[in-house]
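In: The following block contains a protein sequence and its predicted model.
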Amino acid sequence: MTKKNLRLAAAKSLLGALVASTALTLAAVPQASAAPATPSFGPAIDGYAAYDAQDTCDPVERPGVVEFRALLNQTYGAHDGGITRACHIGGVSEHKEGRALDYHFDITNPEDAAEAADVLNWLLATDQYGNKHAMFRRLGLMYVIWNRQIWSANKAEQGWQPYVGDPHTNHIHFSFSWAGALKQTTWFTSGQPAPTIGRIGILQGSAVSVKEGGLYAGWTNQYGGGIAKFETDGDRIGVLTTGGDLLVKDGTLYEGWVPQAGGVADFHLAGDRIGIRRTDRTLAVKEGDLYATWTEQIGDVADFDLTPSRIGVVTTGGLATVKEGNLFQQWVNQLGGAADIELAGNRVGVRRGDGTLAVKDGDLYAPGPSRSAASATST
């Protein structure tokens, strides 16, 4: 028996249920047994791709999609596989950005149906390290549609869901994230996770929107109305309402907001730290998850900043002081006559009340900061 026949024999054990119902249930197959050739990977893996719908029209075949089509053809024999679509045809579609593939299997053909089940089981299988949906994530897939069902990375916990519209009974539709389409995920990078791509946030009027991924990624509305300030840091987004309430979300752009504190005048995010200056000028910082408790720091605070390892404040009396390490460390005074403070790595920058700028580099006990030759204004 040929390798392909062995593969089909394994996949056809699932075929009865598939053709008897339009529902495609894959949860009973924890490991793929017959599938495309797969490189060896370590335990590090990509996160689930966020939903990023087509919002430009540049129908050029992206290299990750081309390589995935070639992999399917190598495994299952040549099938039609369209990637691009003209801008004037239909509505929103990642085909118009060259990051979708229609790969033609026919559900009424037993061999095609078995091969379709095979590739989908492979994509959604759990790997040897316990990573769920491992190949789906490594390839940077966003969602797939097949036989009146859709499976979306940003709704992984929901599994297969009914799909209304084109029944997709003669092809599987694969939509890729930009990272997958541009070969930036672990499937294409020798098993190293794709570098974290920063988020961009904008405040339009009083509503916050954020995008992540490539510069052509779409904006995702985060919070609408009454925003005084927002910050992003890593996977966290924080908003301060005009009423003084701080809310933070952690994870994907679709996570829910977690209220943090009221009576807040200013806040900063840094790693797993959140710092707040209250309207009564007291400073508190929490470290850990969003449900961690606040640790009181100091009062009479006019300005503050923080990093994952340092907290710096300017008191109402103009004293710049910084602590380093855990939240219970002692303050180390830096200089007087301060109006503003900024921290970055091992550097402390202070704008004095007379407009001059001073910076020190190194530990907190390093020689005092040198005076800048130029005056500085707050930005």
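Out: Everything's here; your move. Numbering: from 1, shown residues only.
In: so where's this structure shaky on pLDDT?
Out: Low-confidence segments of the chain, defined by pLDDT under 70, are located at 1-34, 190-197, 214, 368-379.
In: what about the helices in it?
Out: For the chain, the helices defined by DSSP state H cover 3-12, 15-20, 63-76, 110-124, 134-138, 178-181.
In: what distance separates the longest one from the centre of its chain?
Out: Its chain's C-alpha centre and that of helix 110-124 lie 29 Å apart, by C-alpha atoms, centre = their mean, to the nearest Å.
In: CA atoms only: put it into CSV for me.
Out: The C-alpha coordinates for helix 110-124 follow below in CSV (Å, rounded to 0.1, in the frame of the first residue of the first chain):
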residue,chain,number,x,y,z
PRO,A,110,-14.9,10.5,-0.6
GLU,A,111,-11.1,10.9,-1.3
ASP,A,112,-11.3,14.7,-1.2
ALA,A,113,-13.4,14.6,2.0
ALA,A,114,-10.9,12.3,3.6
GLU,A,115,-8.0,14.6,2.6
ALA,A,116,-9.9,17.6,3.9
ALA,A,117,-10.4,16.0,7.2
ASP,A,118,-6.8,15.0,7.3
VAL,A,119,-5.4,18.5,6.8
LEU,A,120,-7.9,20.1,9.3
ASN,A,121,-7.1,17.5,11.9
TRP,A,122,-3.4,18.2,11.5
LEU,A,123,-3.9,21.9,11.8
LEU,A,124,-6.0,21.7,15.0
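In: Report the contact partners of the residue most central in space within the chain.
Out: Compute the mean C-alpha point of the chain, and by C-alpha atoms, centre = their mean the closest residue is residue 252, 5.2 Å away. By C-beta atoms under 8 Å, 6 or more residues apart in numbering, the contact set of residue 252 is 47-48, 50, 154, 235. For the C-beta atoms, the positions are set from N, CA and C on the backbone; glycine is no exception.
In: I'd like the distance from it to residue 272, if you could.
Out: 17 Å (C-beta to C-beta, to the nearest Å).
In: what's the answer for residue 367, then?
Out: Taking C-beta to C-beta as the measure, residue 367 falls 32 Å from residue 272.
In: Compare those two and say which is more crowded by neighbours.
Out: Between residue 367 and residue 272, residue 272 has the larger neighbour count (other C-beta atoms under 10 Å), namely 16 against 7.
In: ok, that one touching residue 308?
Out: Yes - using C-beta atoms under 8 Å, residue 272 is in contact with residue 308, at 7.2 Å.
In: is it true that residue 160 touches residue 151?
Out: Yes - at 5.2 Å, residue 160 and residue 151 qualify as touching, with contact defined as C-beta under 8 Å.
In: Give me the more crowded residue out of those two.
Out: A direct count of neighbours by other C-beta under 10 Å for residue 160 and residue 151 places residue 151 higher, at 23 against 20.
In: give me the number of residues near residue 344?
Out: For residue 344, the neighbour count with other C-beta under 10 Å is 12.
In: give me the beta-bridge partners of it?
Out: Residue 344 has these beta-bridge partners by DSSP bridges: residue 347.
In: Can you get me a residue count around residue 234?
Out: Using other C-beta under 10 Å, residue 234 has 14 other residues around it.
In: distance of the residue lying closest to residue 58 once chain neighbours are set aside from residue 182?
Out: Counting by C-beta to C-beta, 6 or more residues apart in numbering, residue 58 lies nearest to residue 97, which is 5.8 Å off, once chain neighbours are set aside. In this structure, residue 97 and residue 182 are 11 Å apart, going by C-beta to C-beta.
In: more crowded one of these two?
Out: It is residue 97, of residue 97 and residue 182, that has more neighbours when counted by other C-beta under 10 Å, with 26 against 19.
In: Surely the more buried one touches residue 61?
Out: No - Residue 97 is not in contact with residue 61 according to C-beta under 8 Å; the separation is 10.3 Å.
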